[in-house]
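Chemist: just need the structure, nothing else, for what follows:
(chains A and B)
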Amino acid sequence: MEKKKMYAVEATNLVKTFGKEHAVDGVDLKIPKGIVYGFLGPNGAGKTTTIRMLATLLKPNNGHATVMGYDLVEEADDVRQKISLTGQFASVDEELSGRENLIFIGRLVGYTRKEAKQRADELLAAFQLTDASKRQVKKYSGGMRRRIDIAASIVTSPELLFLDEPTTGLDPRSRNQVWDIVRALVKQGTTVFLTTQYLEEADQLADLIGVIDHGKLIAEGTSKELKASVGAGSLIVNFDNEVELQRASTILEEQLGEKADKDLKDYSLTLPIKEHDKAAVAIGALANQNVKIKEFSMAQPSLDEVFLTLTGKLPDQETDGVVNE
Amino acid sequence: MNKNTTIEEVFQNHERPKKPGALNASATFAWRALLRIRYVPEQLFDVTVFPIIFLLMFTYLFGGAISGSTGEYLDFVLPGILVMTVSMITMYTGLDLNKDIEKGVFDRFRSLPIWRPSVLVGALVVDAVRYLIASTIMITLGYILGFRPEAGFFGVILAVLVLLLFAFSLSWIWTMLGIIVRSEKALMGISMMLLFPLTFLSSVFVNPTTMPNWLQVFVDINPITFVVDAVRGIIHGTDAMSDILMVIYISIGLIVVFGPLTMYFFRNKN
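Modeler: Have a look, this model is predicted:
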C-alpha cells in the first residue's frame, strides 16, 4: 500500500470558513519530502487552521489535499499513521509527569508497556529531561515544555512533523535548542512543517517559506528570494540636532539612492538598504564630511517589512483568535 | 554537539508498531485518568465528601419534618440521595473532557491513529469507579447511621449496578456537551441547570403523591424518578421489576442517542 510520491503535502485550493470568516481562503501547497517548510504569517493569518486541516483535525470546506500521498479526508487514518502534531498549546497532559506522558503516548501508538517505558527513557535522555522526568509537566519551564511536546511527537518516527509556532514565547537559549532539534530531525529524513511569526526563524530553519496573510498564500520562495524582495534591512542613524540631520539626509540619500525617512522628534533617519556593504560606505561618507553622528544601527528586515513589501500594508491583527477555534 | 547525535539516535528506526486495539487504547486512557487522580486527589472530593455531606444534611434537615423521625427517613431517603449524588457527579466527565480540549492535548489524541471513542470510553470507565466509590461511602455511612436495607447485601449490589448503568449512560450527555460547549464555566452552568430540576423534582426526597398534580406529571416522567424508584425498590425488597426495565430502556436510549452524537461532534470538532 506504500504510495510513492514526491510531495509530503500537496494541496489545491484549501478553504476553511468559520461562519462568515474565511480563515483559510484557497491555499495551494506543494511541499517536497525531506525539507523544512516554514509557514510565516502574523496572528490570525490562517497558519494554525491550515496545520489543523493537514493534520486531519479539521475538515476543509473546499479544496483537496494529500499528505504523504494519502487523501486528507478519505484516508485520514492512513495520514495519521504518517504524521505527528505538536500544537501551539499544550499537546501533552500537564497533570502527568514527563515520563508518564511519553509512556502514555507510547502505549497509544501500540508499544507494549515495557517497550513504551524504554522508549520514554531514551527520549528523556536525548532531550535532556531525565532529571525532570518525574516532575509534573505543568511545573516545567517554557523550554522544557517545548522539548517534551516535541519528544511526544516523535515517540514513533513520523514522516511528517507539524510544529505550530514551536518557539513563540521562548527565551533565546531554549529557542536555539528547539532549532537544533528540528535540524536533527530533518537530517534523519523527516519532513517538518512549521509555522512561525518570526522571519528570522523561517530564515534559520526553512528550506522553503510560504507567507500567509488573511488566509491566502501571498508569497513563496527560499529565504534568499524573499529577502531579496525586501532588501537587506534598514539603516538607522541618530543625531543631536536638526542641522546635522538635514546634512546627513542629503549625503545618505545620494550614497544609497534611497529616500530617507526623517524623524524630527528624535532626530533620526531611516533608510532601506539593499546590501550591507553600501551602508558601511554611506556611514563612512558621513564621517568624511564631518557630520556628527550620535549613534547608528542596522535593522534586519522584519516580518512587518516583508508584509509591507508584499501587501503594501502592515499585517493587521484583527482576526486574531478566529483561527484558534 | 553531543545532544544532536543522541536526538538523531533516538529518532532512527522507530517505525510505528501495530496500532493498539480498541480495548488497549481505552485501557490506556483509563490509566491516564487514574494517574491524574493520584496527582490531584482533591478530585475525589466530589465522590467522598459530597456523599457524606448530602446524606447527613438531608437526613437531619428533613427527617423530622417529613417522616417524623430521622431513622425512618434515612431508610427512605438514602437510595434517593445515592441516585442524586451519583447523577450529579456524572457531570465532571464533561468538565474534564472540556479542559482537555481547551488545553490542546485533545488535538494530539485526535491526530493519533487510534480507535477514536477510546478517549471517552477510558474516561467513562474510570468514572464508573468513581461512582462506585461514592456509592460505597454513602451506603457505609448510612449503615453506621442506622440504615438497614431489607434486601440485604446482594440487593444493595444489584441496586448499585442499576445505578452505574444509568450513570454511565447519562455521562454521554456531558461528554457531548463537553465537546460542543466553549468554556468550562458555561458547561458547568448548563449541567447545573439540567441537573438541579431533574434531581430535586423527582422522588428523591419525598413521595410524589404529596405534590400538586401538575408537578406530579413532571415527576412521573422524570427519568431520575424511575432510577430512584428502581434503586429504592431493589434495596427494600419491593417489586421493582418494571422500574428496573424502565431504567434499562432509558439507559439504552441515552447511549443510542448521545453516543453517536458525541462521536459525530468529536470527529467534526472545529
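
Chemist: what about residue A:254, neighbour count?
Modeler: 10 (other CB atoms under 10 Å in any protein chain shown). Heads up, the C-betas are built off the backbone N, CA and C, glycines and all.

Chemist: also residue A:101?
Modeler: The local packing of residue A:101 (other CB under 10 Å) involves 28 other residues.

Chemist: leaving out sequence neighbours, find the closest residue to it.
Modeler: Using CB to CB, 6 or more residues apart in numbering or on different chains and skipping residues adjacent in sequence, the residue nearest residue A:101 is residue A:92, 4.4 Å away.

Chemist: so residue B:109 touches residue B:122, yeah?
Modeler: No: when contacts are counted by CB atoms under 8 Å, residue B:109 is not listed as touching residue B:122 (10.2 Å).

Chemist: right, and the helix or strand after the helix or strand hosting residue B:172?
Modeler: For residue B:172, the element it lies in under DSSP states H and E is helix B:152-180. Following helix B:152-180 in sequence order, the next helix or strand is helix B:184-200 (DSSP H and E).

Chemist: which elements pack onto that following helix?
Modeler: helix B:70-89, helix B:91-103, helix B:152-180, helix B:223-235 (3 or more CB pairs under 8 Å, 6 or more residues apart in numbering or on different chains; DSSP states H and E).

Chemist: after the second one, which helix or strand is next?
Modeler: Reading on from helix B:91-103 to the C-terminus, the next helix or strand found by DSSP H and E is helix B:105-110.

Chemist: number of nearby residues for residue 172?
Modeler: Using chain A here. Residue A:172: 8 surrounding residues under other CB under 10 Å.

Chemist: if you could check chain B rather than the one you did, that'd help
Modeler: The number of residues packed near residue B:172 is 25, by other CB under 10 Å.

Chemist: likewise the one 4 residues further on?
Modeler: Other residues within reach of residue B:176, judged by other CB under 10 Å, total 23.

Chemist: I'd say residue A:244 and residue A:262 touch.
Modeler: No: with contact defined as CB under 8 Å, residue A:244 does not reach residue A:262; the gap is 12.0 Å.

Chemist: those two: which is more packed in?
Modeler: residue A:244 (19 against 15).

Chemist: could you list every residue that touches the more buried one?
Modeler: Contacts for residue A:244 (CB atoms under 8 Å, 6 or more residues apart in numbering or on different chains) come out as A:267, A:291-293.

Chemist: from these, pick the one nearest residue A:156.
Modeler: Minimum separation from residue A:156 among these (CB to CB) is found for residue A:293, which lies at 57.9 Å.

Chemist: tell me the contacts of the closest one?
Modeler: When the contact criterion is CB under 8 Å, 6+ apart, the partners of residue A:293 are A:237-239, A:244, A:248, A:283, A:286-287.

Chemist: and with 6 Å instead?
Modeler: By CB atoms under 6 Å, 6 or more residues apart in numbering or on different chains, the residues touching residue A:293 are residue A:237.

Chemist: pretty sure it sits in a helix.
Modeler: No: membership of residue A:293 in a helix is not supported by DSSP: H, G, I helix; E, B strand; the rest coil, which gives coil.

Chemist: where in chain A is pLDDT low?
Modeler: Under the criterion pLDDT under 70, the flagged ranges of chain A are A:1-5, A:231-232, A:302-304, A:307, A:311-325.

Chemist: spatially central residue for it, please.
Modeler: residue A:196 (2.2 Å; CA atoms, centre = their mean).

Chemist: quick one, phi psi at that residue?
Modeler: When quoted as degrees, to the nearest 10, the phi and psi of residue A:196 stand at phi -160, psi 160.

Chemist: and chain B, which residues reach chain A?
Modeler: Contact residues (CB under 6 Å from any CB of the partner chain) of chain B with chain A: B:4, B:6-8, B:10-11, B:14, B:16-20, B:28, B:32, B:35-36, B:39, B:103-105, B:107-108, B:110-114, B:270.

Chemist: mind checking which of those land in helices?
Modeler: The helices in this structure, assigned by DSSP state H, contain B:4, B:6-8, B:10-11, B:28, B:32, B:35-36, B:39, B:103, B:105, B:107-108, B:110 from these.

Chemist: pull up the residues of chain A that are close to chain B.
Modeler: Residues of chain A lying close to chain B by CB under 6 Å from any CB are A:55, A:57, A:77, A:80-81, A:85, A:87, A:89-91, A:93, A:95-96, A:100, A:104, A:107-111, A:122-123, A:126, A:156-157, A:180-181, A:184, A:188, A:325.

Chemist: PyMOL command to pick out the buried ones of those?
Modeler: What follows is the PyMOL syntax for the buried subset of the residues of chain A next to chain B, where burial is set by 16 or more other CB atoms under 10 Å in any protein chain shown:
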select buried, chain A and resi 55+57+80+81+85+87+90+91+93+95+96+100+104+107+108+109+110+111+122+123+126+156+157+181+184+188
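
Chemist: where's the nearest residue to residue B:72 once chain neighbours are set aside, which helix or strand?
Modeler: The shortest distance from residue B:72 to any residue other than its chain neighbours is 7.7 Å, reached at residue B:63 (CB to CB, 6+ apart). Secondary structure assigned from DSSP H and E places residue B:63 in helix B:45-67.

Chemist: now for that helix, which elements pack on it?
Modeler: Contacts of helix B:45-67 with other secondary structure elements, assessed using 3 or more CB pairs under 6 Å, 6 or more residues apart in numbering or on different chains; DSSP states H and E, are made with helix B:70-89, helix B:118-145.

Chemist: give the buried residues for the shortest one.
Modeler: Looking back up the chat, that one is helix B:70-89. Neighbour-count burial for helix B:70-89, with 16+ other CB under 10 Å as criterion, is recorded at B:70, B:73-89.

Chemist: contacts only, for the residue in chain A that chain B sits nearest to.
Modeler: Across chain A, no residue is closer to chain B than residue A:89, which sits at 3.5 Å (CB to the nearest CB). Contact partners of residue A:89, counting by CB under 6 Å, 6+ apart, are residue B:104.

Chemist: and it, that one's in a helix?
Modeler: No: secondary structure assignment places residue A:89 outside any helix; it is coil (three-state DSSP).

Chemist: now do the strands in the stretch 151-300 of chain A.
Modeler: Counting by DSSP state E, counting those that start in this stretch, the stretch 151-300 of chain A has these strands, from start to end: A:160-164, A:191-196, A:208-213, A:216-221, A:233-238, A:261-263, A:268-273, A:295-299.

Chemist: neighbours around the residue of the stretch 101-250 of chain B found nearest chain A, how many?
Modeler: Closest to chain A within the stretch 101-250 of chain B is residue B:104: 3.5 Å, counting by CB to the nearest CB. Residue B:104 has 20 neighbours, counted by other CB under 10 Å.

Chemist: the closest residue in space to it that isn't next to it in sequence and residue B:100: what is the separation?
Modeler: The shortest distance from residue B:104 to any residue other than its chain neighbours is 3.5 Å, reached at residue A:89 (CB to CB, 6+ apart). From residue A:89 over to residue B:100 the distance is 11 Å, taken as CB to CB, to the nearest Å.

Chemist: how about residue B:92?
Modeler: For residue B:92, the distance to residue B:100 equals 13 Å [CB to CB].

Chemist: poorly predicted segments of chain B, please.
Modeler: For chain B, the stretches with pLDDT under 70 are B:1-5, B:12-15, B:270.

Chemist: grab the most central residue of it for me.
Modeler: Central residue check for chain B by CA atoms, centre = their mean: the C-alpha nearest the mean position is that of residue B:90, 2.8 Å away.

Chemist: check contacts around that one.
Modeler: B:167, B:170-171 are the contacts of residue B:90 under CB under 6 Å, 6+ apart.
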